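Asker: Fold the following.
(2 chains)
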Amino acid sequence: MKFSIIVHGAPYSSQACLSALNYAQAVLVAGHDIVRVFFYHDGVHTASNLIAAPQDETDVARRWQQFGLDNNVELIACIASCLRRGILDETEAERYEKGTANLAPGFTISGLGQLIDASMTADRVVTFGV
Amino acid sequence: MSSILFILSGAPHGSINAQESLDALLMGSAFTQCSALFLGQGILQLVSHQETDDLGVKNFALGFKALDEYGVKRITCSVGDLQQLGLSTDDLMIGIETLDDMAMRQIIKDHDKVLNF
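Answerer: Presented below is the predicted three-dimensional model:
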């Protein structure tokens, strides 16, 4: 079965971010596919490469990055949500003259069309952090 | 073509989430058949005559008037939640179909996908 996963909560502010990761891992372990993970609202903070978690705490954002890269799962952060919250890739940093980009490896910034496409393409859509 | 039901349950203005949810609904309706179900404090998004100037935030609720043009098929809310908020459909800025618990169950069944906001 094909799953799309939507994350609305930021690391540490909301358990949703970590619950979604645990769920995503379970989906793959159970032999299903993930069409895409879409980060919306405060969920886009997961895509920041500037999160420095204390050593004795789970680095939620790093674990998401690793999950995406290891499993070749598409991690999309909504561009409108990102720009408001200061998550920029090289292109957007240049466009808005911000001097530096901070999008973590494994993540892509894209539009809301990706959310709708992910919803329509998947057999199941599961949202975390409502 | 998958139909999508958007469930909108957050109050407006306390965070940007309600505004971003409307953006998602408008985007969805550009791609496929969409409907909206307002639950709980989400109904407050539709209250008429909202003034946001003093808050310093955008009056995004004006966008709800575009739902019809975007072809959003059914715009609905929980009748129980509407009453609990002390509101009637006359207090809302757009025409809305009120649903009881059975009808809400049915509208969820009638759509292929549900997106919760």
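Asker: Which positions within the longest helix seen in chain B qualify as buried?
Answerer: Ranked by residue count under DSSP state H, the longest helix found in chain B is helix B:17-31. Neighbour counts over helix B:17-31 (16 or more other CB atoms under 10 Å in any protein chain shown) mark B:17-29, B:31 as buried. (Glycine included, C-beta is placed from N, CA and C.)
Asker: give me every residue that touches the closest residue to B:Thr89 other than its chain neighbours.
Answerer: Leaving aside its chain neighbours, B:Thr89 sits nearest to B:Ile96 (5.6 Å; criterion: CB to CB, 6 or more residues apart in numbering or on different chains). Residues near B:Ile96 by CB atoms under 8 Å, 6 or more residues apart in numbering or on different chains: B:38, B:46, B:75-77, B:89.
Asker: from the residues you listed, which is closest to A:Phe39?
Answerer: B:Phe38 (24.2 Å; CB to CB).
Asker: In the sheet, which residues pair with that closest one? Tell me.
Answerer: B:Leu8, B:Cys77 (DSSP bridges).
Asker: Tell me who's in contact with it.
Answerer: B:Phe38 touches B:8-9, B:45-46, B:76-78, B:81, B:96, counting by CB under 8 Å, 6+ apart.
Asker: are any of those buried, and which?
Answerer: For these, buried by 16+ other CB under 10 Å: B:8-9, B:45-46, B:76-78, B:81, B:96.
Asker: Check the residues you listed and tell me the two furthest apart.
Answerer: B:Ser9 and B:Ile96 (14.8 Å).
Asker: Show me the residue at the heart of the chain, geometrically.
Answerer: Picked chain A for this. Centroid-nearest residue in chain A: A:Phe39, 4.3 Å away (criterion: CA atoms, centre = their mean).
Asker: sorry, should have said chain B
Answerer: B:Phe38 (4.5 Å).
Asker: From B:His13, how far out is it?
Answerer: According to CB to CB, to the nearest Å, B:Phe38 and B:His13 sit 15 Å apart.
Asker: Chain A contacts on chain B?
Answerer: B:1-2, B:4, B:9, B:15-17, B:20, B:23-24, B:27-28, B:31-32, B:112-117 (CB under 8 Å from any CB of the partner chain).
Asker: ok, now with 7 Å
Answerer: Neighbours of chain A within chain B, by CB under 7 Å from any CB of the partner chain: B:2, B:4, B:16-17, B:20, B:23-24, B:27-28, B:31-32, B:113, B:115-117.
Asker: just to revisit the earlier point, tell me how far the residue nearest to the centre of chain B lies from A:Tyr40.
Answerer: From B:Phe38 to A:Tyr40 the distance is 19 Å (CB to CB).
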